[in-house]
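In: Quick one: sequence and predicted model below, then my questions.
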Amino acid sequence: MARLDEGSPPVSTTSTSRILVDPRGLRASPLTPPVSKSDAQRALVLGHLTGSWPLPSVQAESDEDLPADVRVLRRGVEALRLPAGPVRDVDCADGGAPFRILATQVAVTPGAHVRLTGTPRLGERPHGPLFTSLRDALGPAGLTLTEGSPWPVELCAPKDTSGVAPVFRVPGAQSSQYASSLLLGCAALYLRERRAWSVEIEGTLTSAGYLDLTVTWLKRFGFVLEESPSRYTVTGYVAPPTVPSLPGDWSSLGYLLLIAWKAGGTAERADTGSAHPDDAIVRLIQQVGLKAVPAGSPYTLKVEGKLSGGLKASGKECPDLLPTLAALACVLPAPSTLTDVGILRVKESDRLEGIRSLVAAYGGTTDLQGETLEIRPPAAPPTRFAMDSRGDHRLAMTSATLSVLSGTPLVLTGPECVEKSFPGFWRQLSRSGVQISPES
Ligand SMILES: O=C(O)C1=C[C@@H](OP(=O)(O)O)[C@@H](O)[C@H](O)C1
Ligand SMILES: C=C(OP(=O)(O)O)C(=O)O
């Protein structure tokens, strides 16, 4: 598979449609995020493995608000639930976590034969260490995994894995999704074989909070684990009394809390006990004078305060919040610093390059030293700015958030990509009085 190296050219946009985002008539209103795709993906796999299918909490979501990545994962699991037979095709679209999670689930489903495909961009994101880990552990039992260029990725699962050593080894750099995917595989293998299966992580784990989220979901569904910093072992299972429900998405709440602050509104479905890494937004905005406080109704927050100083945040802790925080950095009175930004290069687009382009489009400047990006806001905001989403949902929503925070109209190319994690984003923005219109 092609590798993404530093300096790869920006990915061209997948859509040429353009909208004008005009934030000059803001009004206070309640804003609602979609269900969290990271939580829903884990819950869907675990519901499938433990007999909760269809998963009630995903069924309860309206179809139009269900993130595309959740639909991808659900389709993949449905293919695995069909009787063994012909090869099944599953299109993973642009979903990194769905693709990586499904690859392992196919590999651990006895006799499954699945061809996974996706966008060109998904194909060039790194997956090799996960494939190597699967081949090393399950190859001796008969797993075959073949890669096209880049698609399809075709897996043929062994019928019996009871004779192999019960451990997956995987590097922690590049993506936590490898380890999360393999740990969900351990849950499947534990249930089938009733023997402990482990994931061993080599080196430092990036985005560690997402593996913690996987562990939390395994426990919610009744799995027993032994944990050390580099080894996670599934050792037991006791069915819980009820099937856990799903929280709202903290990555989406990142945009909505900032928009709610500017518009004087509220953000709903904000469960601070959800264990999602992006709930860090509540703590991080305190650095610049903002405070998220309960707004009366359950799980509802409003944001109070006046902007001051600059921000510091790390891509190791909350990679998906960095674009949002970069938008906030553009309207702060002092420079901000984002550290460990290298991971952003291998997301749905080269987000490091995307953030730098957005800051430049808004008139600010950036300075990249190694893995540290300094963002300096412009002395005076532009009267209007333009941005191309490059097919990346977070760049689209981040650009719109900057438009709202600064009161500056935005011409955005490629707005449809929000579908991946937050299909109702433009509807929510309209509720805050933002005018969205086609731009020719
Ligand atoms: O496991 C997950 O659900 C995710 C893990 C993170 O990816 P990496 O671990 O590749 O940084 C995050 O960026 C992604 O949006 C979702
Ligand atoms: C990186 C993301 O997702 P994934 O890796 O699942 O494509 C994201 O949603 O920002």
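Out: Good, I have the coordinates. Ligands and ions are numbered 1, 2, ... in the order given.

In: Can you tell me the element L211 falls in?
Out: In the assignment (DSSP states H and E), L211 maps to helix 208-220.

In: Give me the helices and strands touching the helix or strand just after that helix, please.
Out: As assigned by DSSP H and E, the chain's next helix or strand after helix 208-220 is strand 223-228. For strand 223-228, the packing partners by 3 or more C-beta pairs under 8 Å, 6 or more residues apart in numbering; DSSP states H and E come out as helix 208-220, strand 231-237. Quick note: C-beta positions are derived from backbone N, CA and C, even for glycine.

In: Mean confidence (pLDDT) on strand 223-228, please.
Out: Mean per-residue pLDDT for strand 223-228: 98.

In: What count of nearby residues applies to the residue in the stretch 201-350 of the chain positioned nearest to ligand 1?
Out: In the stretch 201-350 of the chain, the residue that lies nearest ligand 1 is S207 (3.4 Å; C-beta to the nearest ligand atom). Neighbours of S207 under the rule other C-beta atoms under 10 Å: 24.

In: I'd guessed it sits against P277; true?
Out: Yes. Judged on C-beta atoms under 8 Å, S207 makes contact with P277 at a distance of 7.2 Å.

In: Now G265: closest residue in space, sequence neighbours ignored.
Out: Counting by C-beta to C-beta, 6 or more residues apart in numbering, A28 is the residue found nearest to G265 once chain neighbours are left out, at 4.2 Å.

In: Report the secondary structure state of that neighbour.
Out: coil (DSSP: H, G, I helix; E, B strand; the rest coil).

In: isn't it right next to W261, touching?
Out: No. At 10.6 Å, A28 does not count as touching W261 under the criterion of C-beta under 8 Å.

In: These two: who's more crowded?
Out: Using other C-beta under 10 Å as the criterion, A28 and W261 rank with W261 on top: 23 against 15.

In: per-residue confidence for the more buried one?
Out: On the pLDDT scale, W261 gets 98.

In: go on, the one 10 residues further on?
Out: D271 carries a pLDDT score of 97 in this model.

In: right, and it touches D249 too?
Out: No. Using C-beta under 8 Å, D271 is not in contact with D249; the gap is 10.2 Å.

In: okay, those two: which has more neighbours?
Out: Using other C-beta under 10 Å as the criterion, D271 and D249 rank with D249 on top: 26 against 18.

In: quick one, what contacts that one?
Out: Going by C-beta atoms under 8 Å, 6 or more residues apart in numbering, D249 touches 33-39, 67, 269, 276, 278, 421-422.

In: Out of these, the closest to ligand 2 would be?
Out: S421 (5.3 Å).

In: so what's the closest one closest to, chain neighbours aside?
Out: Spatial nearest neighbour of S421, chain neighbours left out: P67 (4.8 Å); criterion: C-beta to C-beta, 6+ apart.

In: And the strands in the stretch 201-350 of the chain?
Out: 223-228, 231-237, 266-267, 290-294, 301-305, 312-314, 336-339 (DSSP state E, counting those that start in this stretch).

In: Much appreciated, bye for now.
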